[in-house]
Each structure stands twice: as C-alpha cells, then as structure tokens.
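Asks: generate coordinates for the sequence data below:
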Amino acid sequence: MHVAAPGGEAVIPAAPYQRAWDEFHFAPARRAGDWLYISGVVAGPRPGEGHDVEAYKAQVRRAFRTIEGLLEAEGLTFADVTMINSFHVWEGPNFTGTKAQQFEAFSAVKDEFMPPPHPAWTAVGSTGLIAETGVTEIQMIAYAPQVSRR
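Replies: Model prediction:
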C-alpha cells in the first residue's frame, strides 16, 4: 500500500508492516522525492534464541532481510542504500559479548548484504531501544530516482 504524502508517499508493503502504520502510526518506509527513508528495524533475540555472537548474527541477518523486503517493494536493492544509522545497546541483557564483538558481528553481516561500494554509516551507542529485547536498531536511506521505480 502507498499513501500519498507531501513530497512523496508512505510505503506499507503488506503485513506485518501494516501493524506499524495502524497501531504505532509510522511508515515502515517513506519516499520523499528521489529518496527512500527506511524506519528502524530492530535486531535482537526472540523467545528461546541465544544471546551470544552467533545468535546475534542470525538476528541481524533477519533484520537485514526485513530491510531487503522494504527495498524490494520499491524496486531497489542494498546497492541503492547511501546511508546507514545503527543504534546499539553495547551493554545489556540481550547480548553477552563485548562492544567490539557486537560491532564486528554487525559489520560482518552488513558486508554479507552490502558489498562495495559501501554506504555512509554512523553507529551510535544507546542505553535501550523501544523493543525490550532489541540489541541494535537499523535505519537506512536509499537513493531511489522516481524514473527507476517499478
């Protein structure tokens, strides 16, 4: 679903994204001119998942696949991403490794999805995320010229 908005449109591909729009009143992605802004996607353990480095890598992969779906809904790929903002709970109950291990694990998974040329990236530490089990929240901006859409 696309909802007209000033300068572009809100992008709500399908369930489960509809819940974000209906209950939490935000667009999973928002187009403004030639840019697509992707709301934060949280990586963290689901019930029964581990809190170690390898489990975290799987959780980050799941988040990147979610973002990939949002990009694909607009006819884009990770190659179109120009900016990543990641927000990390370096010390918390949902990740048992060190700050360096978390950053290295995140970077390794990012590189699986995003080969060169690399986007700009800012990684910020946080004391917590809206999702109680969240370890990292990932936000992206993609260059999406209107002429290349669908």
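Asks: check which helices and strands the biggest helix by length in the chain sits against.
Replies: Within the chain, and with DSSP state H defining each element, the longest helix by residue count is helix 53-73. The elements that helix 53-73 packs onto, with contact taken as 3 or more CB pairs under 8 Å, 6 or more residues apart in numbering; DSSP states H and E, are strand 35-43, helix 99-113, strand 136-143. Where you see a C-beta, it was placed from the backbone N, CA and C, and this is true even at glycine.
Asks: how about that helix: buried residues?
Replies: By neighbour count on 16 or more other CB atoms under 10 Å, the buried set for helix 53-73 is 53, 55-57, 59-60, 62-64, 66-67, 70-71, 73.
Asks: remind me which residues of the protein are low pLDDT?
Replies: Along the chain, the model assigns pLDDT under 70 to residues 14-16, 20, 147-150.
Asks: can I get the helices and strands packed on helix 53-73 in a markdown table including mean neighbour count and distance to Pro28?
Replies: Formatted as a markdown table, the entries for the helices and strands packed on helix 53-73 read as follows, by neighbours: other CB atoms under 10 Å; distance: least, CB to CB, whole Å:
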| stretch | mean neighbour count | distance to Pro28 |
| --- | --- | --- |
| strand 35-43 | 21 | 5 |
| helix 99-113 | 16 | 18 |
| strand 136-143 | 21 | 11 |
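Asks: redo the ones you listed as JSON lines? Include distance to Glu49.
Replies: Converted to JSON lines, the helices and strands packed on helix 53-73 look like this (distance: least, CB to CB, whole Å):
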{"stretch": "strand 35-43", "distance to Glu49": "11"}
{"stretch": "helix 99-113", "distance to Glu49": "14"}
{"stretch": "strand 136-143", "distance to Glu49": "14"}
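Asks: wait, which of the ones you listed is closest to Ala4?
Replies: With distances scored as CB to CB, the stretch of the helices and strands packed on helix 53-73 nearest to Ala4 is strand 35-43 (15.4 Å).
Asks: what is the burial count for Glu74?
Replies: Residues lying near Glu74 (other CB atoms under 10 Å) number 20.
Asks: make sure it is actually in contact with Tyr37.
Replies: No: applying CB atoms under 8 Å, one finds Glu74 not in contact with Tyr37, separated by 11.0 Å.
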